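Engineer: Build me a model from this:
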Amino acid sequence: MQVVDAARTTRTRLKRNEEVERKLRRMTILVGMIGSDGIVLAADQLMVRPATNVKEYDDRGRVRKIEYLQGHGVAYAGVGDQYTRRVESALSIRLDEGQFDFENIRRSLERTADDTIKDERAKNEQAYSPQEDPGIPDLPRDLLVVFHGPQVDQRQMWSLAIDPVRSTASRVEGCCIRGAIGNLARFFGEYYETNIPVATLKRLAAHIVLSAQRFESGMIGGLDVSLFDDAGFHRLDEEAKESLRARYRELNDLVRTQLFEA
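Structural biologist: Coordinates of the predicted model:
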């Protein structure tokens, strides 16, 4: 009987973990675009902590996912779980302490992520019993990082894939979408074109985020848009975002009308 109960408990735990991981893969969408005169970074604002069993409900709340470190001219937004948050904190600390090498951004980002994951794994090994798995689940964890301060000769956006084995960073040259794995809104990234000003690209970036919410309202919600141009960093206020939402609704209505008009 004990063997049967243990097997049943293991299956229940595995099923629960699979459900949590499924939700984590669907939540959060980040959109980054390189324009002719700057960079656009957009994200949703819904933070979800998935329930661990059927007797609980998901914790949901609105947060600011695009963080701007004014003293360094660096902004970032992340996809993932608590380990992504740890990497974000480590990046901020290294910038504050002057330990980030702007001459080798790729290696600096990768080292920040790898060192953080190594430390987290060591903490897990101390916290878990030998019979438990202290490993870090293989989930999508990414950062989009924008550098536009005096430390760089030109504005840059980087994508950092945080991996339990080996993290990789790559410079973004066009359009980059992270998070919301399998969300149909990713299709709209195909409309991206080069040499378009950020004042225009922000409409496309917002459309992708708002469409992602339409397809996955339980995991994605809200809108945050930031621009990086010759004037520096600028976060769109609610009035500007409402204009983008209105344009999104108008475009949806126009497509529906064109498809079904007599």
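
Engineer: Can you list the low-confidence ranges for the stretch 151-262 of the chain?
Structural biologist: Applying pLDDT under 70 to the stretch 151-262 of the chain flags residues 262.

Engineer: Just the CA coordinates for the strand or helix carrying residue 111, please, in PDB.
Structural biologist: Residue 111 belongs to helix 105-127 when assigned by DSSP states H and E. Taking Å, rounded to 0.1, in the frame of the first residue of the first chain, the C-alpha atoms of helix 105-127 are listed here in PDB:
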ATOM      1  CA  ILE A 105      28.800  43.300 -23.400                       C
ATOM      2  CA  ARG A 106      28.200  39.700 -24.600                       C
ATOM      3  CA  ARG A 107      30.600  38.100 -22.200                       C
ATOM      4  CA  SER A 108      29.500  40.400 -19.300                       C
ATOM      5  CA  LEU A 109      25.900  39.400 -19.700                       C
ATOM      6  CA  GLU A 110      26.600  35.700 -20.000                       C
ATOM      7  CA  ARG A 111      28.900  35.800 -17.000                       C
ATOM      8  CA  THR A 112      26.300  37.600 -14.900                       C
ATOM      9  CA  ALA A 113      23.700  35.000 -15.800                       C
ATOM     10  CA  ASP A 114      25.900  32.000 -15.300                       C
ATOM     11  CA  ASP A 115      27.400  33.100 -12.000                       C
ATOM     12  CA  THR A 116      23.900  33.900 -10.700                       C
ATOM     13  CA  ILE A 117      22.500  30.400 -11.700                       C
ATOM     14  CA  LYS A 118      25.500  28.800 -10.200                       C
ATOM     15  CA  ASP A 119      24.900  30.500  -6.900                       C
ATOM     16  CA  GLU A 120      21.200  29.700  -6.900                       C
ATOM     17  CA  ARG A 121      22.000  26.000  -7.600                       C
ATOM     18  CA  ALA A 122      24.300  25.900  -4.600                       C
ATOM     19  CA  LYS A 123      21.600  27.500  -2.400                       C
ATOM     20  CA  ASN A 124      19.100  24.800  -3.600                       C
ATOM     21  CA  GLU A 125      21.500  22.000  -2.800                       C
ATOM     22  CA  GLN A 126      21.700  23.300   0.800                       C
ATOM     23  CA  ALA A 127      18.000  23.800   1.200                       C
END
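
Engineer: next one: the helix or strand following it to chain centre, how far?
Structural biologist: The helix or strand immediately downstream of helix 105-127 is strand 142-147, counting by DSSP H and E. Put simply, strand 142-147 sits 9 Å off its chain's centre (CA atoms, centre = their mean, to the nearest Å).
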